[in-house]
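Asker: whatever this is, show me its structure:
(chains A and B)
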Amino acid sequence: MKNNTTDRLVRSRHRIGRRDFLAGAAALGVASAGFPAVLRAQSETVKIGLIHPVTGFISFSGTQCRTGAQMAIDDINAAGGIKSMGGAMLEAMLGDSQGKPEIGAQEVSKMVEAGVAGFVAGYSSAISLATSQEAAKTNTPHVVDVGVSDQITSRGLANTFRFAPGYGKVAEIAVANLDTINKTAGSPAKSAMIVHEESLFGTGTAKLLSEKLPGIGIEVLDVIKHANPTRDFTNIALQIKSKQPDLIIPANYYNEYVLLARTLQQQQVEAKGIYSVLGGAASSYQFVNEYPEAAEQIMDCNHWFDPKSDTALARKKAAEAKGVIYTYEVFLAYNAVAFLADAIERAGSTDKDAVIAALAGSTWDQHGMPYGSTKMENGQNMGAQPVNTQVQNGAIEVIFPKEFASADAVFPMS
Amino acid sequence: MPDLAIIVPSVLNGITTGALYALVALGLTLIYGVLHIINFAHGALLMLGLYAVYYLKARFGIDPYVALLIVPPGMFALGYAVQRGIIGRASHGRDENILLVTLGLAIVIENLSLFFFRSDTRIVDTPYSFETVEILGAFLPLPKLVAFVGAIVTAALLWLIMARTDLGRAIRAVAKEKKGTALVGIDTDHVYATSYGLGIACLGVAACLLLPSYYVNPQVGHGFVLIAFTIVVLGGMGSFVGALIGGFVIGVVEAMGGLFLGESLGQIGIFAIFILVLIFRPTGLLGHKV
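Answerer: Alright, predicted model coming up:
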């Protein structure tokens, strides 16, 4: 009896009368008409596809990219999301390309069906080519985070953008800076050997370097290509030793770089300088920490943040507080996501044409990179450039260009 | 054409690199060659061994060579448990099941490793990592010379176990006539698990001797598995001396291939040998027919 009474009381308390319902519906209608975007956005998220090789032989770099991209999403959401869409939160859709372009392309197809607003992918050049091509079929915005092949932005795909420099620009600046460093030291370097990995990044970079180096008076004695993975670098070290180049120029992934550097030291190969292009000790805190002696005075020309930028230093500090090794993959992927999010913010929607137009017209400058304001031409950020770093006394210092430099170059190696 | 100043050091280096390969192949020749278990998890288990050595050094400061007292026994226990608890139960004695079970095991181990250890490449810095010994004008890394000696000692120990102990006789008996062995009262499941454990313990030895000159990440085993299978076939199924010689041959072929054909084509020679051995000498150098 008591229970029945209680039930009735509860029902009556929660019962909504016809008048209440109509009044509520009218109020909701008025509110919706007045603030349509706000009400819609509060329940929607903006899906960002993050496709990286988090398994397979380049999984370290892929995982670093994913980490950087997710940090950007977390920061943007913590700052209120996409404000022009009523604070819509970014939602990461994670894909693993396994280091294979075709798998990367499959991930794109799946995510497009799931309603992704844009992509940030795919670390390697080959994967980035495949993912952007696939995204182009549905005109889905695609920002390449790290892939350096110049083909990525030379195919005329309207949906594809790269915030960082391609290897054409990197090789051009690497050679120009090397020329300056060499001439400042009295031109001690007259010959070089290039050691590169066999994929698009290593092969393309090596080709450009071997074409450009003679132009600054440096003869290329040999270009040695190696497989991924290569278990032993003794042969390569012996060949370098026999030809005695003034400069050794590696362009390879981290695992192979570690073995190469160790073998060069074991085989007592002496050169006036080790000048890595896109990957090397002087842009790897991990290598510098683990092998400080082997890393000392190695120079790199690579992606790097502006060491004088408060934004960059704050991000680095936040990443390191989480135990993340702050490699170039982390900050490039971070910026690729932030660049895409800024475009969505300005587009005020996830309409693909609007976002692509916003990306193409971007002047975003909150990146902490030595790039200046963003200026896109055919999908390439024209201000993007690498910098030269050098390991000095166990720290990674920027030595070029001068406006971003934190130290002077030490060359030849002592 | 490279001159002698490169060829001689390259050959010597090939032999020492081959010793590392032989270390990985010794366990496989026991598991694959004697027990006919096609162990696709060999690379993944090597990776676990390498992580064990790495963490012993990174967390407790235990030198990789001192870890020889810890890792191989641990790997033996792991191998025994894996064979007894997973491979033996799931395969029901059928070779095709064993193949799939070990393949699945490899995938599970690698993905768990990615989860727990992350994908970073780890290296250990020891006082001797960069040390070299000059032999015939070649600077041979000290860790590789130690691995060379370690491979010979491990092969000798395995040969002694197989030839001179009751366990070795039991393993050989099980390999030749499983039902008959069971009929005379030998616990064949125990023998299988012990043999598998011994094979995995060899990987523990390999891990301790490999890490001072190499690195570890969750994919590191991939680079060694196919080479180890090639060495087992070249040396002869179940032959420890054959595995040792096979390792040296493959090491030298790889080094010479890299020197004469270019580093990206250096491995062609290895797999050409694999095919040629299968066609013209299926028994391998010192073993039985494949």
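
Asker: mind listing what B:Gly258 touches?
Answerer: For B:Gly258, the contacting residues are A:Asn235, A:Ile236, B:Ser10, B:Leu265, B:Gly266, by C-beta atoms under 8 Å, 6 or more residues apart in numbering or on different chains. All C-beta atoms are positioned from the backbone trio N, CA, C, and that covers glycine.

Asker: tell me, how many residues neighbour residue 254?
Answerer: The chain I'm using is chain A. 23 (other C-beta atoms under 10 Å in any protein chain shown).

Asker: think we crossed wires, I meant chain B
Answerer: By other C-beta under 10 Å, neighbour count at B:Glu254 equals 24.

Asker: helix or strand for it, just tell me which one.
Answerer: For B:Glu254, the element it lies in under DSSP states H and E is helix B:240-261.

Asker: helix or strand right after that helix?
Answerer: Next element after helix B:240-261 (DSSP H and E): helix B:268-280.

Asker: quick one, that next one and helix B:240-261 angle?
Answerer: 130 degrees (axes from the mean of the first three to the mean of the last three C-alpha atoms, to 10 degrees).

Asker: how much space between the most centrally placed residue in chain A and A:Gln98?
Answerer: Centroid check for chain A by C-alpha atoms, centre = their mean gives A:Leu332 as the closest residue, at 2.8 Å. Distance of A:Leu332 to A:Gln98, computed by C-beta to C-beta, to the nearest Å: 20 Å.

Asker: same deal with A:Asn77?
Answerer: 28 Å.

Asker: same check, this time on B:Leu276
Answerer: 32 Å.

Asker: out of the two, which sits in the more crowded spot?
Answerer: Using other C-beta under 10 Å, the more surrounded residue of B:Leu276 and A:Gln98 is A:Gln98, with 20 against 11.

Asker: can I take it that that one is in a strand?
Answerer: No. Membership of A:Gln98 in a strand is not supported by DSSP: H, G, I helix; E, B strand; the rest coil, which gives coil.

Asker: need phi/psi at it.
Answerer: With angles defined as degrees, to the nearest 10, A:Gln98 sits at phi 60, psi 20.

Asker: can you tell me which residues in chain B are near chain A?
Answerer: B:2-3, B:5-6, B:9-10, B:13, B:17, B:110-111, B:114, B:118-121, B:123, B:125, B:129-130, B:132, B:139, B:141, B:213-215, B:217-219, B:222-223, B:254-255, B:258-259, B:262-264, B:266-267 (C-beta under 8 Å from any C-beta of the partner chain).

Asker: ok, of the residues you listed, which come out buried?
Answerer: By neighbour count, with 16 or more other C-beta atoms under 10 Å in any protein chain shown, those hold B:6, B:9-10, B:13, B:17, B:110, B:114, B:118-121, B:123, B:129-130, B:132, B:139, B:141, B:213-215, B:217-219, B:222-223, B:254-255, B:258-259, B:262-264, B:266-267 as buried.

Asker: for the helix or strand of chain B with the lowest mean pLDDT, buried residues please.
Answerer: Least confident element among the helices and strands of chain B, by mean pLDDT, DSSP states H and E: helix B:88-91 (a mean of 85). Residues of helix B:88-91 classed as buried by neighbour count (16+ other C-beta under 10 Å): B:Gly88, B:Ser91.

Asker: quick one: the helices in the stretch 1-150 of chain B?
Answerer: Along the stretch 1-150 of chain B, counting by DSSP state H, counting those that start in this stretch, helices occupy B:4-28, B:42-60, B:71-82, B:88-91, B:95-117, B:142-164.

Asker: quick one: closest of those helices to A:Ala395.
Answerer: Shortest distance between A:Ala395 and those, using C-beta to C-beta, is found for helix B:42-60: 22.6 Å.

Asker: return the set of buried residues in the closest one.
Answerer: For helix B:42-60, using 16+ other C-beta under 10 Å, the buried residues are B:42-57.

Asker: which one among those residues gets closest to B:Val249?
Answerer: Among those, and counting by C-beta to C-beta, the member closest to B:Val249 is B:His42, at 19.7 Å.

Asker: touching, that closest one and B:Leu26? I think so.
Answerer: No. Applying C-beta atoms under 8 Å as the test, B:His42 and B:Leu26 come out as separate, 11.1 Å apart.

Asker: what's the pLDDT at residue 70?
Answerer: As the question left the chain open, I've gone with chain A. pLDDT, A:Gln70: 97.

Asker: wrong one, I was asking about chain B
Answerer: 97.

Asker: so it versus chain A, what's the distance?
Answerer: 23 Å (C-beta to the nearest C-beta, to the nearest Å).

Asker: give me the phi and psi for that residue.
Answerer: According to degrees, to the nearest 10, B:Ile70 has phi -110, psi -50.

Asker: low-confidence ranges in the chain?
Answerer: I went with chain A, as the question did not name one. A:1-43 (pLDDT under 70).

Asker: you looked at the wrong chain, it should be chain B
Answerer: Applying pLDDT under 70 to chain B picks out residues B:1, B:33, B:287-290.

Asker: quick revisit: can you list the buried residues in the helix holding B:Glu254?
Answerer: Applying 16+ other C-beta under 10 Å to helix B:240-261 flags B:240-259 as buried.

Asker: test my guess that A:Pro401 contacts A:Pro370.
Answerer: Yes. Between A:Pro401 and A:Pro370 there is a contact at 7.2 Å, judged by C-beta under 8 Å.

Asker: among the helices of the stretch 1-150 of chain B, which comes closest to A:Phe305?
Answerer: Comparing those under C-beta to C-beta, the one sitting nearest is helix B:95-117, at 27.5 Å.

Asker: and that closest one, what does it pack against?
Answerer: Secondary-structure packing of helix B:95-117 (3 or more C-beta pairs under 8 Å, 6 or more residues apart in numbering or on different chains; DSSP states H and E): helix B:42-60, helix B:88-91.

Asker: what do you get if the cut-off is 10 Å, keeping everything else the same?
Answerer: The elements that helix B:95-117 packs onto, with contact taken as 3 or more C-beta pairs under 10 Å, 6 or more residues apart in numbering or on different chains; DSSP states H and E, are helix A:59-78, helix B:42-60, helix B:71-82, helix B:88-91, helix B:222-235.

Asker: nothing else from me, thank you.
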